[in-house]
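>>> Here is a sequence together with a model predicted from it:
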Amino acid sequence: MSTSQTNCVKKLSILGCTGSIGTSTLGVVRKFPDHFKVNALAAYTNIEILARQIVEFQPILAVVKNQDLAQKLESSLEGAAITMPRIAWGDQGYEEAAILESTDMVISSMVGAAGLLPTLAAIRAKKEVALANKETLVMAGALVMAEAAANNVALMPIDSEHSAIFQCLQGNDRKDLEKILLTASGGPFRNVPKENFESLTPRDALSHPTWDMGAKISIDSSTLMNKGLEVIEAKWLFDVPQQAIQVVVHPQSIVHSMVAYKDGSVIAQLGVPDMAGAIAYAMSYPERLPLGQPIPDFFALGALEFFEPNMEKFPCLALAQQACRDGKTYPAVLNAANEIAVQAFLDSQIRFTHIPQLIEKCLNAHKPVSKPVLEQILDADQWARKFAAQAARQ
């Protein structure tokens with residue numbers, strides 16, 4: 001793995017630059033211009049934010065969803081006192097940003113399955129990869145990790161929980177690891193009675209108590225599917241069986257995760273609930289940057305609480321753990337069905353309680369493929385999307 005050097009500016013391609021991770025990444029770049037330079041910015045449809053980012057960071061490449069948006073972006077930049085970046089679009093554009101020759105590190109923070117192919121392209125191009133797109137490993141963990149090993153690419157985790165685990169493993173022998181304790185805030189409905197779930201609205205679910213996230217991830221947090229996806233991601237990132245990963249509900253979100261060792265020792269990583277620390281650590285590893293982040297006020301906190309997750313109230317977590325155990329193409333189907341179900345809920349097409357029901361129906365109908373290649377994973381993804389979309393309309 002290459003590492004950042006204080007006398008060498010690391011050039012970045014940021015996939016998902018207008019989302020919460022992307023904007024936080026740019027915040028780190030803004031604070032440390034002597035460490036980082038933005039090479040490429042890849043967004044989806046938010047060209048207003050992207051245009052402002054281009055003016056500030058002046059990348060050589062910008063990417064959007066389609067040609068129409070590319071033309072609108074170009075028009076919006078006319079007259080700006082900048083060197084106009086080359087503007088690309090679609091899958092080819094995202095891949096181009098991921099393999100840009102002068103790029104040193106790719107920040108993979110696109111939302112959902114869309115992040116898989118660009119992340120794979122970056123790995124195959126032997127770029128450093130800072131991974132926030134958990135779906136990449138959920139869908140194709142075995143394939144992605146094999147490609148990373150073959151190309152001598154280390155995936156640096158950006159998720160706060162996986163960054164915490166990575167940090168807790170530093171300086172210890174991996175064979176001594178006993179268990180990963182993956183923390184979860186519990187989401188906005190931790191204390192809401194199950195009988196009230198039928199009436200929950202998208203607005204309710206988007207009100208997360210401790211983290212500021214995009215709509216899709218906020219809904220996933222409210223169902224605990226986000227934690228289920230993180231279990232699958234942790235399995236692949238840290239090469240442990242699903243049974244060695246325990247989810248622990250921790251409402252204060254101060255302990256970002258823990259690692260237990262075979263001698264009974266438990267090492268935890270703590271910090272305020274802010275993604276900047278995990279992002280900066282992935283970008284600058286093994287260096288730690290002086291972010292100016294506050295240390296948690298432990299006197300004000302008084303106590304840190306830990307609870308067992310309620311699987312009956314939050315069946316999405318159980319579905320994800322089962323898909324992780326079953327393997328094959330089940331995780332890809334789980335992820336695709338969840339993306340469709342979440343969007344259907346956001347569109348008020350289905351109720352909150354229908355999200356796990358729709359996912360389970362899709363998993364039960366799936367005919368899995370053992371040891372799938374990329375094409376079979378993508379086929380399973382597309383099948384699940386069609387099945388789930390039809391089920392959501394019924």
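Yes, it's here.
>>> What residues of stretch 342-349 count as buried?
Val342, Gln343, Ala344, Phe345, Leu346 (16 or more other Cβ atoms under 10 Å). All C-beta atoms are positioned from the backbone trio N, CA, C, and that covers glycine.
>>> residues making contact with that stretch?
Outside stretch 342-349, the residues that touch it by Cβ atoms under 8 Å, 6 or more residues apart in numbering are 201-202, 205, 215-216, 219-220, 350-352, 354-355, 358, 389, 392-393.
>>> Among those residues, name the ones in helices.
Residues of the contacts of stretch 342-349 located in helices (DSSP state H): Pro202, Ala205, Ala215, Lys216, Ile219, Asp220, His354, Ile355, Leu358, Ala389, Ala392, Arg393.
>>> measure the spatially closest residue to the second one that is not a sequence neighbour to Val144 for me?
This points to Ala205. Counting by Cβ to Cβ, 6 or more residues apart in numbering, Ala205 lies nearest to Ser222, which is 4.0 Å off, once chain neighbours are set aside. Distance, Ser222 to Val144, by Cβ to Cβ, to the nearest Å: 27 Å.
>>> what about those two, which has more around it?
Ser222 (29 against 24; other Cβ atoms under 10 Å).
>>> Same question for the more buried one, what's its three-state structure.
helix (DSSP: H, G, I helix; E, B strand; the rest coil).
>>> pLDDT score for it?
Note on Ser222: pLDDT of 95.
>>> which ones are touching it?
Per Cβ under 8 Å, 6+ apart, neighbours of Ser222: Gly187, Pro188, Phe189, Leu200, Asp204, Ala205, His208, Phe352.
>>> Three-state assignment for Ala344, please.
Strictly by three-state DSSP, Ala344 counts as helix.
>>> Could you check the pLDDT of it?
Confidence score, pLDDT, at Ala344: 97.
>>> now that we're looking at it, how far away is Asp297 from it?
For Ala344 relative to Asp297 (Cβ to Cβ), the value is 41 Å.
>>> about what we covered before: of the ones in helices among the contacts of stretch 342-349, buried ones?
Pro202, Ala205, Lys216, Ile219, Asp220, His354, Ile355, Leu358, Ala389, Ala392.
>>> where's Tyr261 relative to Leu304, distance?
The gap separating Tyr261 from Leu304 is 20 Å, by Cβ to Cβ.
>>> Now the two most distant members of the contacts of Ser222.
His208 and Phe352 (14.7 Å; Cβ to Cβ).
>>> Who has more neighbours out of those two?
The neighbour count for His208 versus Phe352, taken as other Cβ under 10 Å, is higher for Phe352 (20 against 17).
>>> returning to that earlier point: which member of the buried residues of stretch 342-349 is positioned nearest Val248?
For the buried residues of stretch 342-349, the residue nearest Val248 by Cβ to Cβ is Val342; the value is 24.1 Å.
>>> Please name the residues that touch Pro33.
Taking Cβ under 8 Å, 6+ apart as the definition, Pro33 has no contacts.
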